[in-house]
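Trainee: Next comes the sequence, and after it the predicted model I'd like to discuss.
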Amino acid sequence: DAKTTQPTSMDCAEGRAANLPCNHSTISGNEYVYWYRQIHSQGPQYIIHGLKNNETNEMASLIITEDRKSSTLILPHATLRDTAVYYCIVRGGADYKLSFGAGTTVTVRA
Amino acid sequence: GAGVSQTPSNKVTEKGKYVELRCDPISGHTALYWYRQSLGQGPEFLIYFQGTGAADDSGLPNDRFFAVRPEGSVSTLKIQRTERGDSAVYLCASSAGTGNEQFFGPGTRLTVL
């Protein structure tokens, strides 16, 4: 059973912020929200993860709603190299598996 | 530093043949994972190693698939009597420990004719 729901695809303008939504309404209290992305012909790449607080790193920001039922990944200044499939994954703290869904295909256009 | 490497990058074989796919994890990473990705889909878990032992092989589709990690570093995924349905990209990942961030290799694209 899918734990997350993401839009199939979205387009973004180069230089603008890209906001990628994810619904995870059945998330448990000890489960984290992880984001990975996969550029064409490469392996998935870790972006960021969070439990309940918002998180920011050099790649992106993660905003998690107070009820933790949804989150948004923000790429602050999208570039053409950010074109990829973005996966939102819910994972328990001790879980070793990553359960990937279909992800969101993000296309950044000049 | 060096990331996860996988060899070969591409493998074309005939139905019924045996293949081996190799994964070199990041040095010092104790956990190693294999995933399989079919066209247009996200990666699917196959097997997880903690050290030398397979802690969870529940994702292996059948007994034609087997993986080893004899010295707790390099791992080999072995597929016997390959079928056309085995065609996919096989991804390997490693992490410093269970629950840590997983680092993926570039994958091996297997094509069974």
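Mentor: Here it is on my side, so go on.

Trainee: packing partners for the lowest-mean-pLDDT helix or strand in chain B?
Mentor: None of the helices or strands of chain B scores lower by mean pLDDT, DSSP states H and E than strand B:53-56, at a mean of 91. With contacts defined as 3 or more CB pairs under 8 Å, 6 or more residues apart in numbering or on different chains; DSSP states H and E, the packing partners of strand B:53-56 are strand B:44-50. Every residue, glycine included, has its C-beta placed from N, CA and C.

Trainee: Are the strand it packs on and chain A in contact anywhere?
Mentor: Yes. On the criterion CB under 8 Å from any CB of the partner chain, strand B:44-50 is in touch with chain A at B:44-45, B:48, B:50.

Trainee: For chain A, what lies in contact range of chain B?
Mentor: Counting by CB under 8 Å from any CB, chain A comes close to chain B at A:41-46, A:49, A:85, A:87, A:93-103.

Trainee: Buried among the residues of strand B:44-50 next to chain A? Make that a ChimeraX selection.
Mentor: Per 16 or more other CB atoms under 10 Å in any protein chain shown, the buried members of the residues of strand B:44-50 next to chain A correspond to this ChimeraX selection:
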select /B:44,45,48,50
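
Trainee: Any chance of JSON lines for the residues of strand B:44-50 next to chain A, columns pLDDT?
Mentor: Below are the residues of strand B:44-50 next to chain A laid out as JSON lines (pLDDT from 0 to 100):
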{"residue": "B:E44", "pLDDT": "96"}
{"residue": "B:F45", "pLDDT": "96"}
{"residue": "B:Y48", "pLDDT": "95"}
{"residue": "B:Q50", "pLDDT": "93"}
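
Trainee: Distance to B:Q80 added to the residues of strand B:44-50 next to chain A, as a markdown table?
Mentor: Below are those laid out as a markdown table (distance: CB to CB, whole Å):
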| residue | distance to B:Q80 |
| --- | --- |
| B:E44 | 20 |
| B:F45 | 20 |
| B:Y48 | 21 |
| B:Q50 | 25 |
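
Trainee: Can you name the residues that contact B:S73?
Mentor: Neighbour list for B:S73: B:24-25, B:27 [criterion: CB atoms under 8 Å, 6 or more residues apart in numbering or on different chains].

Trainee: List buried residues within these.
Mentor: B:24-25.

Trainee: which of the contacts of B:S73 are close to chain A?
Mentor: Within the set of the contacts of B:S73, contact with chain A (CB under 8 Å from any CB) is found for no member.

Trainee: Among the contacts of B:S73, which one sits closest to B:S9?
Mentor: Nearest to B:S9 among the contacts of B:S73, counting by CB to CB, is B:D24 at 12.9 Å.

Trainee: What ranges does chain A have for its strands?
Mentor: With DSSP state E, the ranges of strands along chain A come out as A:9-13, A:18-23, A:31-38, A:45-50, A:55-56, A:61-64, A:70-75, A:84-92, A:104-109.
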